[in-house]
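Novice: sequence and predicted structure are below.
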Amino acid sequence: MDTSDLLKQLNPAQQKAVLHGEGPVLVLAGAGSGKTRVITYRIARLLLEKLARPSEILAVTFTNKAAAEMKSRVDQLLGDELPGLWISTFHSACARLLRIEGAPDGIGRHFQIYDTNDQQALIKQVIESLSLNVKIFQPRKMLAIFSQAKNQLQTPDTYKPRFNDWLGDEEQKLFREYQQRLADCGAVDFDDLLLLTVRLLNEKPGLAELYQQRFRYLLVDEYQDTNRAQYEMVRLLAGPRGNVCAVGDEDQSIYRWRGAEVRNILDFERDFPGTQLVKLEQNYRSTGTILRAAGGVIDNNTQRKGKKLWTAAGDGDPIRLIRADSDLEEARMVTGVIREERRTFELDQMAILYRMNFQSRVLEDALRADGIPHKIVAGLSFYERKEIKDLVAYLRVVANPRDDLDLKRIINVPPRGVGKKTVERLEKHAAAGGLTLRQALAEAVEGKAGKARLPAALAELDELLREQSELLEGGAGPADLLEQIVNGTGFAEYIRGFDIAGADRLENVEELLAKAREFEETSSEEEGLSQFLDLVSLVSDSDALDADTPQVRLMTLHTSKGLEFPLVFIVGLEEGVFPIDRGDQDPEELEEERRLFYVGLTRAMKKLNLSWAGRRRIYGQTRYTYEQSRFLTEIPEGCLIDPTPRPRPGHSLPRTTDLSWAPDRRARKMTARRTVGGRTAGGRTAGKNAVDEARQFLANLDIKVEQPAGSPGEAALEPQPGDLVQHPKFGRGRVLQKEGQGEDAKVRVHFNSVGARTLVLRYARLEVLEG
DNA sequence: AGATTACGATTTTTT
DNA sequence: ATCGTAATCT
């Protein structure tokens, strides 16, 4: 194997990228253009031509999956495992570096890595400890804010809250306290890994230089998804030589909401002067029609460098547009097509993509009803499952007794009669003596924490943890420890009675044990429990698509990135669903939605089906579609089979929706007063439930009720969802949603002039034009 | 301590 | 609809 063997398998653009020598190179790799091939071949070439030793190459990706794939393909090319070659995720590269060099801020080499769940638990504690209201300072939102800040390399000190008032002050305090508590626990979160690495390299120029020497060649995958911290890290590691090979596709940047900055890839040539630009535009995945559709759509974006995908393959089939009255019907039509296509495609060659997770439900129901094997991709990954998290928490308590959070997690798992009161007592004792919770527990068991009796099982827990520490000292590995935990706590019995999925959960525990064993066998001498725990926190995708039976894949559009399927469905192509309606119309956000659609379109190899529904149940309420997705109208002429006439953009669709399921207005009023299911309609909520139940009941019966065409006695017709209404200022609009009754009823209306507005019925002089 | 109820929020999720 | 949390009960 030499370089010419490699080059034979590459097109001219790919060769250019692979053969590029010193200095920065930006590879704009369109969907399905052989991006991974370019990266792996480039690594192989650098090694084959002895331009670099394995230890002089650092390739970073975003996911473990991508890293693993890259590694195995490089190994395959060179027919050997390559010691010293770093192909890893940004985060594990950072973790590794920090463990070697020691993290700044006195965090040092020993830290544990908090995942999202740990972060949530911690932030909740912090909010509570500052006596703040969780309704105002929502844990998830706060974490998102801090994460954004950290991704932009902000610390609590440099962080500027969005509002310069009491709220902002508290927010900043919260941020500071959160970081402080992390430090107290000897923990870092995902964002800290990046942030601390950048800080370390910035604060120690000598060190940065050292690593610039060490990693002569840098390769960055999915460059369009880098955030500010990752960008800085790349710059710091590249150094003045700027030996960076950045590979990405600005049109597939779909993680803005998580801090990714498209600008990084758009400005690459400015940031790294002398950049060689390579565009990979030949697509090896999709048909001509699919590429033409995708190209037509993405051409509407402004934030791009511009690429035009082409294929040597033929046009293939046109794209099918499916219009349905309801989400239910949409799902049925999809399964209908699947039944047809089963003759041509295997089930695992098909994927259904949607914007939001809840959309999977109705699809799943329809597939189940038709007996079509299917699987939702994503969901809880292995290490996020409760039983696994619990066991891992035990290990973490043993590995890091400083961390109170993990001990709190397991202190009553399996149940030992420990409640809030007992935990509070322990915490008080810990605070009084400056102890960790673990120490407080030990003292309490010895009777040093007051007279009140402790739950008896706590002594057993203390004993177990002592034994664990001894085992660890004696050189026991994670598998040994786990076995003892499972045996010592009766964990198996506990989870077996957990729920209906008890048996599955038990299997998961066995799998964890197997993984721990495997780790013990494959790891080196000095790698121990904390390396195993790193692995556990940084690796989430263990639910590899194990397909013993072919199954249709269901997933969000985000999850579909990087995958490909011969037959693809994209459902829910309605304004408000995709693109999602967030009230504001931020053009950048819209461009990101469009990129997401582009990602979806380019997943398809042979056939593509797009669908939308006139009405849809969202959060238990029926919402009416006022327009098909604008993205559909961006698909060039001739790509789509469109059985029904297409409305002009910006105009609402002539109503095809069937409203006959809805009980008429009088029926609604009557049922609202009636009691349903033997329950008395007492208070406000009971009344509301009664209405809902009645509605549900009637909907289930599929009662067809004629609309009373302006029946006398109902002078002021109340607008209902789906109605066309006239507003004195905003003009015509379609009612989307209605909430509340009588005096304070509100409606959400989509006006052609100003978009969606929420109006109080009493004041908005709405005239119902068409019900 | 554990069960029950009431209330609110709910895009997307690589690490 | 559904999940998680807080308040309220047994």
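Specialist: Received the coordinates, thanks. Numbers count the residues shown, from 1 in each chain, chains lettered A, B, ... in the order given.

Novice: list the contacts for A:Leu454?
Specialist: Taking CB atoms under 8 Å, 6 or more residues apart in numbering as the criterion, A:Leu454 is in contact with A:Thr422, A:Ala444, A:Val445. In short, each C-beta sits where N, CA and C put it, glycine included.

Novice: typed the wrong thing, it's A:Phe146
Specialist: Per CB under 8 Å, 6+ apart, neighbours of A:Phe146: A:Phe175, A:Tyr178, A:Asp191.

Novice: and the residues you listed, which are buried?
Specialist: A:Phe175, A:Tyr178, A:Asp191 (16 or more other CB atoms under 10 Å).

Novice: now the helix or strand harbouring the second one: buried residues?
Specialist: Counting by DSSP states H and E, the element that carries A:Tyr178 is helix A:166-184. For helix A:166-184, the neighbour count (16+ other CB under 10 Å) marks A:Glu170, A:Glu171, A:Gln172, A:Leu174, A:Phe175, A:Glu177, A:Tyr178, A:Gln179, A:Arg181, A:Leu182 as buried.

Novice: could you dump these to TSV with distance to A:Tyr211 and pLDDT?
Specialist: Converted to TSV, the buried residues of helix A:166-184 look like this (distance: CB to CB, whole Å; pLDDT from 0 to 100):
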residue	distance to A:Tyr211	pLDDT
A:Glu170	39	86
A:Glu171	35	88
A:Gln172	33	90
A:Leu174	34	91
A:Phe175	29	93
A:Glu177	33	92
A:Tyr178	29	93
A:Gln179	25	94
A:Arg181	30	90
A:Leu182	25	91
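
Novice: would you turn the contacts of A:Phe146 into TSV with distance to A:Ala492?
Specialist: Output for these, formatted as TSV (distance: CB to CB, whole Å):
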residue	distance to A:Ala492
A:Phe175	42
A:Tyr178	36
A:Asp191	36
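
Novice: closest to DNA strand C among those?
Specialist: Within the contacts of A:Phe146, proximity to DNA strand C (CB to the nearest atom of the strand) peaks at A:Tyr178, which comes in at 16.3 Å.

Novice: let me know whether that closest one touches A:Ile123 as I believe.
Specialist: Yes: look at A:Tyr178 against A:Ile123 with CB atoms under 8 Å: they come within range, at 5.9 Å.

Novice: which neighbours do those two share?
Specialist: Contacts common to A:Tyr178 and A:Ile123, judged by CB under 8 Å, 6+ apart, are A:Met142.

Novice: and the helix or strand harbouring A:Asp390, what's buried?
Specialist: Per DSSP H and E: A:Asp390 is located in helix A:386-399. Residues of helix A:386-399 classed as buried under the neighbour-count rule (16+ other CB under 10 Å) are A:387-399.

Novice: chain center to that helix, what's the gap?
Specialist: 24 Å (CA atoms, centre = their mean, to the nearest Å).

Novice: so, in contact with DNA strand C or not, the next helix or strand after that helix?
Specialist: Next helix or strand after helix A:386-399 toward the C-terminus (DSSP H and E): helix A:404-410. No: if you take CB under 7 Å from any atom of the strand as the test, helix A:404-410 misses DNA strand C, and the best it gets is 12.4 Å.

Novice: helices or strands up against helix A:404-410?
Specialist: helix A:116-129, helix A:386-399, helix A:420-433, helix A:437-445 (3 or more CB pairs under 8 Å, 6 or more residues apart in numbering; DSSP states H and E).

Novice: what does the first one rub up against?
Specialist: What it means is helix A:116-129. A:114, A:134, A:137, A:139-140, A:142-143, A:174, A:177-178, A:181-182, A:185, A:187, A:189-190, A:384, A:389, A:405, A:408-409.

Novice: and that helix, how far out from the chain middle?
Specialist: 20 Å.

Novice: tell me the buried residues in that helix?
Specialist: Neighbour-count burial for helix A:116-129 [16+ other CB under 10 Å]: A:Asp118, A:Gln119, A:Ala121, A:Leu122, A:Ile123, A:Gln125, A:Val126, A:Ile127.

Novice: hmm, who's touching the host helix or strand of A:Leu98?
Specialist: Applying DSSP H and E as the criterion places A:Leu98 in helix A:90-101. With contact meaning CB under 8 Å, 6+ apart, helix A:90-101 is reached by A:58, A:60-62, A:64, A:67, A:86, A:88, A:107, A:109, A:111, A:113, A:188, A:190, A:193-194, A:196-197, A:200, A:207, A:211, A:230, A:233, A:534, A:538.

Novice: buried subset of these as a ChimeraX selection?
Specialist: Buried residues within those, by 16+ other CB under 10 Å, are selected in ChimeraX with:
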select /A:58,60,61,62,64,67,86,88,107,111,113,188,190,193,194,196,197,200,211,230,233,534,538
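
Novice: do any residues in the lengthiest strand in chain A lie close to DNA strand B?
Specialist: Scanning chain A for the longest strand, with DSSP state E as the assignment, gives strand A:604-618. No: remark: strand A:604-618 sits outside contact range of DNA strand B, by CB under 7 Å from any atom of the strand, the gap being at least 8.7 Å.

Novice: I'd like to know which elements that strand is packed against.
Specialist: Using 3+ CB pairs under 8 Å, 6+ apart, strand A:604-618 is in contact with helix A:288-298, strand A:319-326, helix A:327-341, strand A:565-570, strand A:621-624.

Novice: direction included, what does it pair against?
Specialist: According to DSSP bridges, strand A:604-618 has the following sheet partners: strand A:319-326 (parallel), strand A:565-570 (parallel), strand A:621-624 (antiparallel).

Novice: buried residues in the shortest one?
Specialist: The neighbour-count criterion (16+ other CB under 10 Å) identifies A:Thr622, A:Arg623, A:Tyr624 as the buried residues of strand A:621-624.

Novice: which one of those is nearest DNA strand B?
Specialist: Of the buried residues of strand A:621-624, the one sitting nearest to DNA strand B (CB to the nearest atom of the strand) turns out to be A:Arg623, at 12.1 Å.

Novice: tell me what the closest one is bridged to.
Specialist: Here A:Arg623, judged by DSSP bridges, has bridge partners A:Arg616.

Novice: and for A:Ser88?
Specialist: A:Val60.

Novice: residues of stretch A:3-11 that come out buried?
Specialist: A:Thr3, A:Leu6, A:Leu7, A:Leu10, A:Asn11.

Novice: what about the residue nearest to the last one when sequence neighbours are not counted, how many residues close to it?
Specialist: Yep, that's A:Asn11 we're talking about. The shortest distance from A:Asn11 to any non-neighbouring residue, by CB to CB, 6 or more residues apart in numbering, is to A:Gln282 (5.6 Å). Neighbours of A:Gln282 under the rule other CB atoms under 10 Å: 17.

Novice: if anything else comes up later, I'll come back, but that's it for now.
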